[in-house]
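Asker: predicted coordinates and the sequence they were generated for:
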Amino acid sequence: MAITNQLKERSNNSCELCSEQDENLMAYAVPPRTNDSTDNEVALCNNCFSQISQSNYSDTNHWRCLTGSIWSEAPAVQALSYKILSKIKTEDWAAEALESVALEESVINWANAEDEIAAAKVVHKDAYGIELASGDTVILTQNLNVKGANFIAPKGTIVRKIKVVPDNAEQVEGKIEGDTIVILTKFVRKSTV
Ligand SMILES: [Zn+2]
């Protein structure tokens, strides 16, 4: 997306993340917001833009620039910097930058929004394709070797009040004989009672 004069001015014609001077800066709207307002946008150089659009943050050295950009006054730049730092927070310096900065809650929510939307799309289905939700009761469709607890939960075991695992569509958690265990959705059938 072409960059508006307003964004040109704010960015001083350089990438708002890595400060690279670039004549062809692009206006990147930080998702889930769109390009309908400059306030949603960050001026990016080609290099930053292409890594972000591929969700490829493996070049952590490049992203050290975020320890500076996160202090920007523009909420969009804060949100994007926070978001990328969160993806590489196994790097000590990234974790430190996240801890040292105090951002508005609205900015942090913005930074996390895209991942939360994606997580909400994870749908859990039982062995027959019926949707499962936390609180449901399921029945095991085969004997289940409970790792660590050293017993086999027989086929037909009823597991009440399961919890779906938010980021994994193939797993639910449930209590069997007092132990909370992870159960694969393909081995359960939703109970209607
Ligand atoms: Zn850049």
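Answerer: Received it, and whenever you're ready, just let me know what you need. Here the structure is a predicted model, which means the values were calculated and not measured.
Asker: which phi and psi does residue 145 have?
Answerer: The phi and psi values for residue 145, taken as degrees, to the nearest 10, are phi -80, psi 110.
Asker: any idea how far it lies from the ion?
Answerer: According to C-beta to the ion, to the nearest Å, residue 145 and the ion sit 51 Å apart. In short, each C-beta sits where N, CA and C put it, glycine included.
Asker: how much space between that residue and residue 155?
Answerer: Distance, residue 145 to residue 155, using C-beta to C-beta, to the nearest Å: 12 Å.
Asker: higher neighbour count, these two?
Answerer: Using other C-beta atoms under 10 Å, the more surrounded residue of residue 145 and residue 155 is residue 155, with 12 against 9.
Asker: you'd agree the more buried one is up against residue 187?
Answerer: No. Look at residue 155 against residue 187 with C-beta atoms under 8 Å: they stay out of range, at 9.0 Å.
Asker: tell me which helix or strand residue 42 sits in.
Answerer: Using DSSP states H and E, residue 42 maps to strand 41-44.
Asker: whatever helix or strand comes next after that strand packs against which elements?
Answerer: Downstream of strand 41-44, the next assigned helix or strand under DSSP H and E is helix 46-53. The contact analysis (3 or more C-beta pairs under 8 Å, 6 or more residues apart in numbering; DSSP states H and E) places helix 46-53 against strand 26-29.
Asker: what packs against the strand it packs on?
Answerer: Against strand 26-29 (3+ C-beta pairs under 8 Å, 6+ apart) you get strand 41-44, helix 46-53.
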